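> Return atomic coordinates for the entry below.
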Amino acid sequence: MGITEDTRWLDATAQAELVAAGDATAVELVDAAIERIESLDEPINAVTMRWFERARHQAEAFDMLPTSSPARSAPFAGVPFLLKDLHTHMAGMPLSNGNRAMKQVRPLSTHDSTLVSRFHEAGLIVLGRTNSPELGSLPVTEPLAYGPTRNPWDLGRTPGGSSGGASAAVASGMVPIAHASDGGGSIRIPASCTGLVGLKPTQGRLSMGPERDESGLSTQLCVSRTVRDTARLLDAVHGPAVGDTVIAPPPDRPYSEELTADPGSLRIGLLDAHPTGGELHSDCVDAVRSAAAMLDRLGHRVETAHPAVLEDRSFTPRFMAMWATAMAIGIDTMSKMVGRQLTADDIEPVNWAQAEYAKSVSGVDYAEAIAAVSQYRRSLHQWWADGWDLLLTPTLAEPPVRIGEHDSPADDPLRGMARAGQFVAFTPPFNTSGQPAVSLPLHVNADGLPIGVQLVAAYGREDLLIRVAAQLEQAEPWADRHPPES
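From the prediction side, this is the model:
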């Protein structure tokens, strides 16, 4: 086999090691990834913008650097990478946020987002952008602008969203790691659907600068095949930037050192039912109970317990008030980028309806929602302060749904959002609380579909998540599981 197949299932750390040892060049890794994208992506539709020549030039320039160059010691030097097509700017390159008008106009970014600059500094070579639902609003990736991204484990099903293009690209072996973001579960949801590791960092762990605000619901990092890739990338990109509004306490040591650290015997709460009384699929129950048994065998103390506030049914409308406002702001931002005011003809109905709803929310209404969310956040944090180390839940309430499941009819544009509430009940609370949470691919159902489980730690405790995730990965390895279409 050539390097295209030889490197297909290597994680980003292993690919970087090839370059560092002189066993592969950056050009070879980039060309191999390009070849895989061109051969694999047609049915999957993960990569919507392809910047291949630019990436090749960047790889060629890297390979010409002297061995003494500091760039050669970057943790992911020469490794191919993909950016999500949502809010994250790369200077001189287009961004569409999954929107038809933006796709047509193709406005070019004038700067790198802080995170993109750090990706470059880490040595990653960006090959293009991955598909995202318009404005990241749904937990599936089916924008009208580009069409649906399909799950490589079953092409009739979703890879999740909003980082669905990223997860499909990594799960199918196009690239070893890809950028992802999470405002309501959008790293963890697709990780669960495609059998990947998806860590949502603590609020304020990464800068959202210079254009966005750390105090919101969203944060960013990646989807990956291995815990070590996620830990090493977090090491490379975490930390504040100028003007950040929320700054998480710094870690005591590099996250990569947590990979081999003994977590000790932890007190872990198990939530194996739908928190607000909805239906929880038996596959997800099986997955989380199997994970609980595994943690018990590893010496942890697992008890059926969870924060009572997760049962608060008033949480969803509070969350949606903030979510809908973010949609309205997103539309206004895109209007400025396009150079005209976008209308209902430019925006998908589900997002236009949310933006219209946001306009009906008064300043007092929004302030009351923020106050209620603050109390919800404190109540969640208290459970960990009372002596619990981790919470174990299903990542999702059901296996990956079929393509089109979240479509909305013209007379009910918010039906897809209502459907999403059932699918993703376990992830949004921890965007509100700002806590770190990770989805791990510990289970496969009878149909061969990945089923993720979620671990949640106290604010600022990614170190603990990485220790336990690495322990589980060693006990139940998943890196050799590949989609049948591969």
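> Surely residue 85 touches residue 135?
No: when contacts are counted by Cβ atoms under 8 Å, residue 85 is not listed as touching residue 135 (10.7 Å). C-beta coordinates here come from the backbone N, C-alpha and C atoms, glycine included.
> what residues are shared contacts of the two?
Shared contacts of residue 85 and residue 135, defined by Cβ atoms under 8 Å, 6 or more residues apart in numbering, comprise 97, 98.
> So for the two, which sits in the more crowded spot?
The residue with more neighbours, out of residue 85 and residue 135, is residue 85; 32 against 28, by other Cβ atoms under 10 Å.
> How many residues are close by the closest residue to the more buried one other than its chain neighbours?
Of all residues not flanking residue 85 in the chain, residue 129 sits nearest, at 4.1 Å (Cβ to Cβ, 6 or more residues apart in numbering). Using other Cβ under 10 Å, residue 129 has 27 other residues around it.
> What sits closest to residue 433 if chain neighbours are left out?
residue 380 (4.3 Å).
> and that neighbour, how far is that from residue 439?
To residue 439, residue 380 is 18 Å away according to Cβ to Cβ, to the nearest Å.
> Who has more neighbours out of those two?
residue 439 (34 against 26).
> And the closest residue to residue 427 other than its chain neighbours, how close does it get to residue 319?
Nearest non-adjacent residue to residue 427, counting by Cβ to Cβ, 6+ apart: residue 185, 2.8 Å away. Going from residue 185 to residue 319 by Cβ to Cβ gives 11 Å.
> Could you name every residue contacting both of the two?
Residues touching both residue 185 and residue 319 (Cβ under 8 Å, 6+ apart) are residue 428.
> Settle it for me: which of the two has more neighbours?
Comparing residue 185 with residue 319 by other Cβ under 10 Å, the one with more neighbours is residue 185, at 32 against 20.
> What separation do you get for the spatially most central residue of the chain and residue 160?
In the chain, the C-alpha nearest the mean C-alpha coordinate belongs to residue 187, at 1.9 Å (Cα atoms, centre = their mean). Plainly put, residue 187 is 10 Å away from residue 160 if you go by Cβ to Cβ.
> do residue 112 as well
Taking Cβ to Cβ, one finds residue 112 at 27 Å from residue 160.
> One more: residue 342?
For residue 342, the distance to residue 160 - Cβ to Cβ - is 26 Å.
> Which of these two has more residues huddled nearby?
A count of neighbours by other Cβ under 10 Å puts residue 160 above the other of residue 342 and residue 160, at 37 against 21.
> That one - that's part of a strand, no?
No: checked against DSSP: H, G, I helix; E, B strand; the rest coil, residue 160 lies outside a strand; its state is coil.
> Which positions in the helix or strand encompassing residue 322 come out as buried?
For residue 322, the host element (DSSP states H and E) is helix 315-338. For helix 315-338, a neighbour-count test (16 or more other Cβ atoms under 10 Å) marks 315-316, 318-328, 330-331, 333-335, 337-338 as buried.
> hmm, back to that, for the residue nearest to residue 85, grab phi and psi.
Dihedral pair for residue 129: phi -120, psi 150, per degrees, to the nearest 10.
> swap in residue 6?
Dihedral angles (degrees, to the nearest 10) for residue 6: phi -60, psi -30.
> Look at it and report its pLDDT.
Looking at residue 6, its pLDDT reads 91.
> And for it, the neighbour number?
Neighbours of residue 6 (other Cβ under 10 Å): 13.
> same question, the one 4 residues further on
One way to gauge burial is a neighbour count; for residue 10, by other Cβ under 10 Å, it gives 21.
> That one falls within a strand, correct?
No: counting by three-state DSSP, one finds residue 10 to be coil, located in no strand.
> which residues in the stretch 301-450 of the chain form strands?
Counting by DSSP state E, counting those that start in this stretch, the stretch 301-450 of the chain has strands at residues 301-304, 390-394, 437-444, 450-457.
> could I get those strands as a markdown table with distance to residue 465?
Conversion of the strands of the stretch 301-450 of the chain to a markdown table gives the following (distance: least, Cβ to Cβ, whole Å):
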| stretch | distance to residue 465 |
| --- | --- |
| strand 301-304 | 16 |
| strand 390-394 | 8 |
| strand 437-444 | 5 |
| strand 450-457 | 5 |
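> Kindly reformat those strands as CSV containing mean pLDDT.
Shown next, in CSV, are the strands of the stretch 301-450 of the chain (pLDDT from 0 to 100):
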stretch, mean pLDDT
strand 301-304, 98
strand 390-394, 99
strand 437-444, 98
strand 450-457, 99
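> And the helix-or-strand element of the chain with minimal mean pLDDT, what does it pack against?
Scoring the helices and strands of the chain by mean pLDDT, DSSP states H and E places helix 3-6 at the bottom, with a mean of 82. Helix 3-6 sits against helix 26-44, with contacts defined as 3 or more Cβ pairs under 8 Å, 6 or more residues apart in numbering; DSSP states H and E.
> Show me what the following helix or strand past the helix it packs on is in contact with.
Per DSSP H and E, helix 26-44 leads on to strand 47-50 as the next helix or strand towards the C-terminus. Contact with strand 47-50 is made by 37, 41, 82, 85, 93-94, 96, 127-131, 146, 165, 169, 174, as judged by Cβ under 8 Å, 6+ apart.
> tell me which residues of the least confident helix or strand of the chain are tucked away?
By neighbour count on 16+ other Cβ under 10 Å, the buried set for helix 3-6 is 3, 4.
> same check, this time on stretch 251-261
Per 16+ other Cβ under 10 Å, stretch 251-261 contains these buried residues: 251, 255, 256, 258, 259.
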